[in-house]
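1. sequence first, predicted model second:
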Amino acid sequence: MAQQAEIQKKDAATAERYSRQILFRGIGEAGQRRLAATRMAIVGCGATGSALAGLLARAGVGTLRIIDRDYVEASNLQRQSLFDESDARESLPKAIAAERKIAAFNSQIKVEAKVDDLVPANIQALLEGMDLILDGTDNFETRYLINDYAVERSIPWIYSAAVGSYGVTLNVIPGETACLACIFPNSPRGMVETCETSGILNSAVNLVASIAATEAIKFAVGGKDAPTFRRTLLSFDVWTNDRAEISAAKPRAGCRTCGERDFIHLAGEGRPHITLCGRNSVQIHERQRPIDFVELNRRLQPHGAVRHNDFVLKFWRDPYEMTLFPDGRAIIKGTTDTAVARSLYARYVGS
Ligand SMILES: [Zn+2]
């Protein structure tokens, strides 16, 4: 009986929390239950990922798996809405900071934080069991990888991108609509401008995330055949008010990915283990190499400033700043020369 009462109390609290959303005709009580039963992955938790995670967590998506390779910095705070100054001071991994922040405003949902770089070798483990994948990344390489995986496994996903004052988003329903490679057979060169080179308006990010999160909610409530689940590529510019929408209802004939099912990104051949990752920095993820932070902290003391918490170890040696994760992955700031990054890593961490 006590247990019964406890369940009723919990149900009432849930109904109260989501009452304004349940009142909305498109969702209702049944829709809210479907949201609670849905599992979504958000790949990348920067500006777009933060906004997506914040909206979807508050809306009551039952399971959110947040995958991010990076840590919080002060320059993120202008637009990455889940983080605050203390996260930046601690250099918390974004996935961990996001999990903590969400727990503070919605402890009823499950958040799975994954501090990792999504690559062909781990994509299955990281995206397994998800009903929908959302793009919070900042690069086409990862988007093509997600597209390959989603098309191969027939898992719907939502592409979102924002740079400057411009945002663009697309729902991909494998086997039905155009996939990312139907629309952009090759990485769009004109769009290689990034937040580092062109800056970004937080409002452009939030708009694209709002649209994508709404599409995700429609999908959770009504499935891929929900009548209002968008089948176009939608783009807009919040500064000029330009807006465009092109049909993506059908795959492009001869698409290498969804037509020929040639998943070159998933095969990951020739994929470098050392990559540029924006912000004048290089990432090293050569192999899994578990690191003992206490031991390394002691070893690095004579060579520069060093500190660590459970999630990252930071080491400063002018003009470089090295951030290490427990699995041995590193982000080295202060250079875009992979050879320099590799030698720093070899010298201070090991080869
Ligand atoms: Zn395609």
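-> Perfect, thanks for sending it. None of the values given here were measured: they were computed from a predicted structure.

2. low-confidence bits of the protein, can you list those?
-> 1, 188-197, 269-278, 286-287, 351 (pLDDT under 70).

3. who in it is up against the ion?
-> Counting by Cβ under 5 Å from the ion, the chain comes close to the ion at Cys179, Ala181, Cys182, Pro251, Cys255, Thr257, Cys258. To be clear about C-beta, it is placed using only N, CA and C from the backbone, and glycine gets the same treatment.

4. mind running it again at 6 Å?
-> By Cβ under 6 Å from the ion, the part of the chain that sits against the ion consists of Ala178, Cys179, Ala181, Cys182, Pro251, Arg252, Cys255, Thr257, Cys258.

5. most neighbours, which of the residues you listed?
-> Each of these was scored by neighbours using other Cβ atoms under 10 Å; the highest score is Cys179's, at 28 neighbours.

6. which residues sit in contact with it?
-> Asn147, Ala150, Val151, Val172, Pro251, Cys255, Thr257, Cys258 (Cβ atoms under 8 Å, 6 or more residues apart in numbering).

7. give me the distance between it and Ala248.
-> Going from Cys179 to Ala248 by Cβ to Cβ, to the nearest Å gives 9 Å.

8. show me the contacts for the residue most central in space within the chain.
-> A centroid search over the chain (Cα atoms, centre = their mean) returns Gly44, at 1.9 Å, as the residue closest to the centre. Shown in contact with Gly44 (Cβ under 8 Å, 6+ apart): Ile67, Asp68, Asp135, Gly136, Thr137, Asp138, Thr142.

9. how many residues are close by Asn186?
-> For Asn186, the number of neighbouring residues by other Cβ under 10 Å comes to 8.

10. helix, strand or coil for it?
-> Secondary structure for Asn186, judged by DSSP: H, G, I helix; E, B strand; the rest coil, is coil.

11. now it, what are its backbone angles?
-> The phi and psi values for Asn186, taken as degrees, to the nearest 10, are phi -120, psi 150.

12. which residues of the stretch 51-200 of the chain fall in strands?
-> For the stretch 51-200 of the chain, the strands defined by DSSP state E, counting those that start in this stretch cover 63-68, 110-115, 132-135, 157-163, 166-172.

13. pairing partners for the last one, with directions?
-> Each strand that strand 166-172 pairs with, and the sense of that pairing, follows from DSSP bridges: strand 157-163 (antiparallel), strand 232-237 (antiparallel).

14. contacts for that strand, please.
-> Strand 166-172 has contacts (Cβ under 8 Å, 6+ apart) with 147, 150-151, 156-162, 177-180, 183, 204-205, 207-208, 211-212, 215, 219, 229-238, 248.

15. dump that strand to PDB, restricted to CA.
-> Extracted in PDB, the C-alpha atoms of strand 166-172 (Å, rounded to 0.1, in the frame of the first residue of the first chain):
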ATOM      1  CA  TYR A 166      23.100  31.500 -40.000                       C
ATOM      2  CA  GLY A 167      21.500  28.200 -39.000                       C
ATOM      3  CA  VAL A 168      20.400  25.100 -41.000                       C
ATOM      4  CA  THR A 169      18.700  21.900 -40.000                       C
ATOM      5  CA  LEU A 170      17.400  18.700 -41.700                       C
ATOM      6  CA  ASN A 171      15.500  15.600 -40.400                       C
ATOM      7  CA  VAL A 172      16.900  12.400 -42.000                       C
END
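
16. His303 against Tyr320, yeah?
-> No: contact status for His303 versus Tyr320: not in contact, 11.0 Å apart, counting by Cβ atoms under 8 Å.

17. between these two, which is the more surrounded one?
-> Taking His303 and Tyr320 together and counting by other Cβ under 10 Å, Tyr320 has the greater number of neighbours (18 against 12).

18. what does that one show for phi and psi?
-> Note on Tyr320: its backbone torsions stand at phi -110, psi 150 [degrees, to the nearest 10].
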